[in-house]
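Student: here you go, sequence then predicted model.
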Amino acid sequence: MSLFNGSKRWLTTTLILLMLLLGSSLTLAVDRLVNDTGESNLSINQVRLRVNPVMLAIERNYHQLNTPEIQESVRSMAREQGLRLSFAGLDGKIMLSSNPSSEGQHIQLASALHYDLNHAAYAKDGEDLLDIAFPVIPAAEGKQIGNAIFTIPKAMVTVQPSSMLPLLAVGISLIIALILGTLLISMHRNLHKRLLSPVNMLQHHAESILKGQYDQHIQYQHADEIGELYAMFDLMRTEIKFLSEQRTQQEQAQKELITNISHDIKTPITTIKAYIEAIIEGICTDEKTLMEYMRIMQTHTDKTAQLVEDLLIHALQELGQISVEPREVYSGPVFEAMLESFGHAVKIKGLTYETPDSVPNVLVRMDTTRIEQVLSNLISNALKNTRPGDVIRVLTELDADQFIVKIADTGQGIQPQDMPFVFERYFRGQASPVYSRVQDGAGLGLSICKNIVEAHGGRISFSSKEGQGTIFQFSLPIC
């Protein structure tokens, strides 16, 4: 059950219990208010039961009320009921009374007649007796002939309030209070277990991540909102761990890059310096030797320039500022000139260099300098994986709206374990005993090629079989 649904049920239950508790409190308050006014503890029914025989006797014998026998009978009946009677006519004259001496007297009907118990109680406030009046209406006459005024003890008509309702209300209130207390304690424990404790644990994990400790798994047992938060937090931890490891690897690769480039630049510079010193010292005695020295120096200078160019492109690639400025050119003359410029470097290595007889002449958008750099890197990569007697072959073709260039060699090929990482920066393939030059370079060339080709809207790929050679190909969209 989710925390949201659980808290909703808790809130609903608590509100219901509070409403019941409020209802019980209101019941007690109303009961106390009614008891305090005294309006509900006077029972007119008790009075009617007592006076009914007397009233019947008066109504049946009202024509003979002046006879002593009837008068004594009515007085006797009133005494038996514990009542005192005064029967007054409509003019206020007392015609019959439990006290015979008051007969014949007149009373003030306006002040003496109280048909309501509460009015009677109010008129006799503080006294133990009440005067309650009933109209006398004989059935034969069908009209009122007088009023029977009964003086009765207040205790006779006072009904003691039942104590069950207050006790029941108090009992319900206590039960609700206990349930509320239990519910609140349970809620507190549940919130501490399902919310506060997990949040504290999450804070501990966050502190560990800030300290660089990414290996501790973040787990939560319940499938609720906190569980979802834990899952996202653990996913974030995994991502941060991956990024941290990637950054560490990248920093290590950059250190190795600097070391390798420093070594690779130092070697040709040292060689160039040695040949310059030899020329200055006059070791070259003829023009042929001098020209040989110059060619060696040029080779090492080209290598140094290539390393510096790769490093510059890498820096621009890191900053996302690699400059590619495509322009519309015809592919034929441009690629023929590029391929011809690489022929000398391939042939002096003792390799066979094959180029297409004719390059398809179509209009493409490309940055000539950058595409030449791609060809240079791919051919240089082929040179590293071949040995004298092998063949480097360049093919060009059209496929739908793409101009395709292929650079194939018959060298050692790429080892299967290296294939997934060929285009990654800093990657340098494993060297075999025969092809020790595979690891030459900084591992930036193919990554730079991929970036340049994709910046033109093209694609670059390769296929290779170990021991049989490799084919790299890239495509450029035709205008």
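Tutor: Looks like it arrived, so ask away.
Student: contact partners for Tyr230?
Tutor: Pro198, Leu202, Ile218, Gln219, Tyr220 (CB atoms under 8 Å, 6 or more residues apart in numbering). Quick note: C-beta positions are derived from backbone N, CA and C, even for glycine.
Student: how about the third one, nearest residue that isn't a chain neighbour?
Tutor: It stands for Ile218. Excluding its sequence neighbours, the residue lying closest to Ile218 (CB to CB, 6 or more residues apart in numbering) is Asp234, at 4.0 Å.
Student: again with the fourth one
Tutor: The spatial neighbour of Gln219 that comes closest, neighbours along the chain excluded (CB to CB, 6+ apart), is Tyr230 at 6.8 Å.
Student: cool, the last one as well?
Tutor: Closest residue to Tyr220 apart from its sequence neighbours, by CB to CB, 6+ apart: Tyr230 at 3.7 Å.
Student: repeat that for the second one.
Tutor: Taking CB to CB, 6+ apart, and ignoring the residues beside it in sequence, Leu202 has Phe233 as its nearest neighbour in space, at 6.3 Å.
Student: now the host helix or strand of the one you found, how far from the centre of its chain.
Tutor: Using DSSP states H and E, Phe233 maps to helix 225-280. The chain centroid and the centroid of helix 225-280 are separated by 37 Å, computed with CA atoms, centre = their mean, to the nearest Å.
Student: for stretch 339-349, same thing?
Tutor: Counting by CA atoms, centre = their mean, stretch 339-349 comes out at 63 Å from the chain centroid.
Student: quick one on the thing from earlier: pretty sure the residue nearest to Ile218 contacts Gln216?
Tutor: No: taking CB atoms under 8 Å as the definition, Asp234 is not a contact partner of Gln216, at 9.6 Å.
Student: helix, strand or coil for Glu127?
Tutor: coil (DSSP: H, G, I helix; E, B strand; the rest coil).
Student: got the contact list for it?
Tutor: Glu127 neighbours (CB under 8 Å, 6+ apart): Lys154.
Student: what pLDDT is listed against it?
Tutor: We have a pLDDT of 79 for Glu127.
Student: ditto for Asp310
Tutor: 69.
Student: what's the answer for Met366, then?
Tutor: 94.
Student: quickly list what it is bridged to.
Tutor: With DSSP bridges as the criterion, Met366 is bridged to Arg327.
Student: neighbours of it, how many?
Tutor: 26 (other CB atoms under 10 Å).
Student: one more: Gly89?
Tutor: That count, for Gly89 with other CB under 10 Å as the rule, works out to 15.
Student: next one: phi and psi at Lys124?
Tutor: phi -110, psi 40 (degrees, to the nearest 10).
Student: show me what contacts it?
Tutor: For Lys124, the contact set (CB under 8 Å, 6+ apart) comprises Leu130, Asp131, Lys154.
Student: likewise Ile70?
Tutor: Neighbours of Ile70 in contact, by CB under 8 Å, 6+ apart: Asn61, Gln64.
Student: buried stuff in whichever strand or helix holds it?
Tutor: Using DSSP H and E, the element containing Ile70 is helix 68-80. Using 16 or more other CB atoms under 10 Å as the test for burial, helix 68-80 gives Ile70, Gln71, Val74, Arg75, Met77, Ala78.
Student: I figured the last one hits Arg84, correct?
Tutor: Yep, that's Ala78 we're talking about. Yes: counting by CB under 8 Å, Arg84 is a contact partner of Ala78 at 6.7 Å.
Student: looking at this, Asn147 is in a strand?
Tutor: Yes: assessed by three-state DSSP, Asn147 belongs to a strand.
Student: please name the bridge partners of it.
Tutor: Ala88, Pro135.
Student: likewise the one 4 residues further on?
Tutor: Beta-bridge pairing of Thr151, defined through DSSP bridges, involves Arg84, Asp131.
Student: what confidence value was assigned to it?
Tutor: 90.
Student: OK, contacts around it?
Tutor: Contact analysis of Thr151 by CB under 8 Å, 6+ apart lists Leu83, Arg84, Leu85, Ser86, Leu129, Leu130, Asp131.
Student: the helices in this protein, which residues?
Tutor: Remark: helices assigned in the chain by DSSP state H are 3-37, 44-60, 68-80, 109-112, 117-123, 154-157, 164-191, 197-210, 225-280, 287-318, 331-347, 368-384, 445-455.
Student: out of these, which is closest to Gln473?
Tutor: Closest to Gln473 of those, according to CB to CB: helix 368-384, at 9.2 Å.
Student: now the closest one against helix 445-455, angle please.
Tutor: Relative orientation of helix 368-384 and helix 445-455, computed by axes from the mean of the first three to the mean of the last three CA atoms, to 10 degrees: 150 degrees.
Student: helix 368-384 packs against which elements?
Tutor: Under the contact criterion of 3 or more CB pairs under 8 Å, 6 or more residues apart in numbering; DSSP states H and E, helix 368-384 touches helix 287-318, helix 331-347, strand 391-399, strand 402-409, helix 445-455, strand 469-477.
Student: can we see that at 7 Å?
Tutor: In this structure, helix 368-384 makes packing contacts with helix 331-347, strand 402-409, helix 445-455, judged by 3 or more CB pairs under 7 Å, 6 or more residues apart in numbering; DSSP states H and E.
Student: and of the helices of the chain, who's closest to Thr410?
Tutor: That would be helix 368-384 among the helices of the chain, by CB to CB, at 9.4 Å.
Student: and the contacts of that closest one?
Tutor: For helix 368-384, the external contacting residues (CB atoms under 7 Å, 6 or more residues apart in numbering) are 324, 329, 334, 338, 342, 346, 349, 392, 407, 409, 411, 437-438, 440, 445-446, 448-449, 452-453, 472, 474.
Student: picking that back up, Gln402: which of the buried residues of helix 68-80 is nearest?
Tutor: Relative to Gln402, the closest of the buried residues of helix 68-80 is Ala78; by CB to CB it sits at 128.4 Å.
Student: identify the residue nearest that closest one in space, chain neighbours excluded?
Tutor: Nearest residue to Ala78, sequence neighbours excluded (CB to CB, 6+ apart): Leu85, at 4.3 Å.
Student: what about that neighbour, how many neighbours?
Tutor: Leu85, neighbours per other CB under 10 Å, totals 23.
Student: any idea how far it lies from Asp131?
Tutor: Plainly put, Leu85 is 11 Å away from Asp131 if you go by CB to CB, to the nearest Å.
Student: surely Cys284 touches Met291?
Tutor: No: applying CB atoms under 7 Å, one finds Cys284 not in contact with Met291, separated by 9.0 Å.
Student: which of these two has more neighbours?
Tutor: Legend: neighbour count by other CB under 10 Å for Cys284 and Met291, higher for Cys284 (17 against 11).
Student: how far away is that one from Thr299?
Tutor: 17 Å.
Student: for Ala139, find the nearest of the helices of the chain.
Tutor: Here helix 44-60 is closest among the helices of the chain (CB to CB), at 6.9 Å.
Student: what's next to the closest one, contact-wise?
Tutor: Under CB under 7 Å, 6+ apart, the answer for helix 44-60 is 73-74, 77-78, 81, 83, 85, 87, 117, 132, 134, 136, 138-139, 148, 150, 152, 156-157.
Student: nothing else from me, thank you.
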